[in-house]
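J.: how would this look folded up:
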Amino acid sequence: MKAVPEERGVSDRTPANRLVSRTVAVWDLPLRLWHWVLAISVVIAWFTPTVHDGVHRIVGYAVIGLLAFRLLWGFMGSRYSRFRMLGVRLRAAPNYLWNLRRGMTGRYIGLNPAGSLMLVALLASLAVSTITGAMSVTVTFFGVWWVEDTHHYSSDAVIVLVVLHVLGVLVMGILQRENLIRAMFTGRKRIRGHSQSS
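T.: Now for the predicted structure:
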């Protein structure tokens, strides 16, 4: 029986850019460790003031160290840890949030514009909260009303932003059908096709 010649360029496998998804390394290990240590620190700090002041103070100083590391890593870290695209994403954030009403999420390997906005808001509010917290235990600023009030309100703002961050991650995960929480543990995100933004 004569063998039928195989047709060139034809494969019985599903094209990779249609159904098969692949993953790419996005968040490096130092950034992932920073993210989860910061998350744990914020939770501890929220439940310890006036009850365990010593723990609260230690965690506050730890968060200052974590913020300093993140600023440094924003210039020295791997591609998706750096701040190089932050300005572009922040300018795109209002339009991006507006388009989310219609479920238009776009596809970003790193932080999307909303995530970039959240990053800046969280870093800023954490900086204000921790710095005023450190000030409030000094001789000069102890008992000063505006320091205590600023620390209190900025700490509340951190918690509000954290809740919005978690909700945003869950909503985006549903819209894009991807487990973004797992991605922050593994450091890898799923990519489909060739139309992905960096």
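J.: okay, Thr14: pLDDT?
T.: Per-residue pLDDT puts Thr14 at 40.
J.: same check on Leu170?
T.: 93.
J.: now swap in Asn99 and tell me
T.: For Asn99, the predicted pLDDT is 89.
J.: who touches Ala183 in this structure?
T.: Going by Cβ atoms under 8 Å, 6 or more residues apart in numbering, Ala183 touches Val26, Trp27, Lys189, Arg190. For glycine as for every other residue, the C-beta is placed from the backbone atoms N, C-alpha and C.
J.: how about these in JSON lines, adding neighbour count?
T.: Output for the contacts of Ala183, formatted as JSON lines (neighbours: other Cβ atoms under 10 Å):
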{"residue": "Val26", "neighbour count": "22"}
{"residue": "Trp27", "neighbour count": "22"}
{"residue": "Lys189", "neighbour count": "24"}
{"residue": "Arg190", "neighbour count": "16"}
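J.: quick check, nearest of the residues you listed to Leu126?
T.: Distance to Leu126 across the contacts of Ala183 (Cβ to Cβ) is lowest for Trp27, with 18.8 Å.
J.: and that closest one, how far is that from Thr186?
T.: Computed as Cβ to Cβ, to the nearest Å, the Trp27 to Thr186 distance reads 9 Å.
J.: do Asn112 as well
T.: Asn112 is 19 Å from Thr186, by Cβ to Cβ.
J.: neighbour-wise, which of those two wins?
T.: Asn112 (22 against 13; other Cβ atoms under 10 Å).
J.: re the thing from before, just give me the closest of the contacts of Ala183 to Val55.
T.: Trp27 (28.6 Å).
J.: which residue comes closest to the closest one once chain neighbours are left out?
T.: Gly187 (4.6 Å; Cβ to Cβ, 6 or more residues apart in numbering).
J.: that concludes my questions; thank you for your assistance.
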